[in-house]
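# I'll drop the sequence and a predicted model, then ask my questions.
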Amino acid sequence: MAGVGAVLKVTGTDFPPNWQEIIITMSSEGCAHVEILAAFYRAGFPISKETWYNMITRDPELREIVRYGNTLSESWWVGMGRMHVGKPPSAINTALWFINMKNRFGWSDKLDINADHR
């Protein structure tokens, strides 16, 4: 493992041997990319967010696994919201849940615009 602050030229071979499983498992639990990177770090494979996003753009296998992981993560969060519909307000903070969905998954408030000018 390189020391803190070391400059790394990271490739897919610099990931833990089970990197695909880590991404899929953690994404299935709703984890964010930064949590996955923390798991890589704990496994001895430090990668910065900047390097991670650069790798996603240039590595087709990583890009596909991350896309699938994003779908799994969003699904987990949607399920959390669905499971708490109709439950007491203390079961889930709906405002924070919705802000999370907007920020992480591009959700937005619906805007109805009527441009019917007569």
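Nice, thanks for sending it over.
# buried ones in stretch 98-116?
For stretch 98-116, the neighbour count (16 or more other C-beta atoms under 10 Å) marks 100-101 as buried. Where C-beta positions appear, they are placed from N, C-alpha and C, glycine not excepted.
# end-to-end on it?
End-to-end distance of stretch 98-116 (C-alpha to C-alpha, to the nearest Å): 31 Å.
# that one - what's its average pLDDT?
Average pLDDT, stretch 98-116: 82.
# ok, residues contacting that stretch?
32, 70, 73-74, 77-78, 81 (C-beta atoms under 8 Å, 6 or more residues apart in numbering).
# where does pLDDT dip in this structure?
Scanning the chain for pLDDT under 70 picks out 1-13, 117-118.
# try 50 this time
The chain contains residues with pLDDT under 50 at 1-2, 4-8.
# so who does the residue minimising distance to the centre of it touch?
Closest residue to the average C-alpha location of the chain: residue 32 at 3.4 Å, with C-alpha atoms, centre = their mean. Contact analysis of residue 32 by C-beta under 8 Å, 6+ apart lists 73, 104.
# ok so, going back, among the contacts of stretch 98-116, name the buried ones.
Buried subset of the contacts of stretch 98-116 (neighbour count, 16+ other C-beta under 10 Å): 70, 73-74, 77.
# longest helix in this structure, by residue count?
Of all segments of type helix in the chain, defined using DSSP state H, the longest is helix 60-83.
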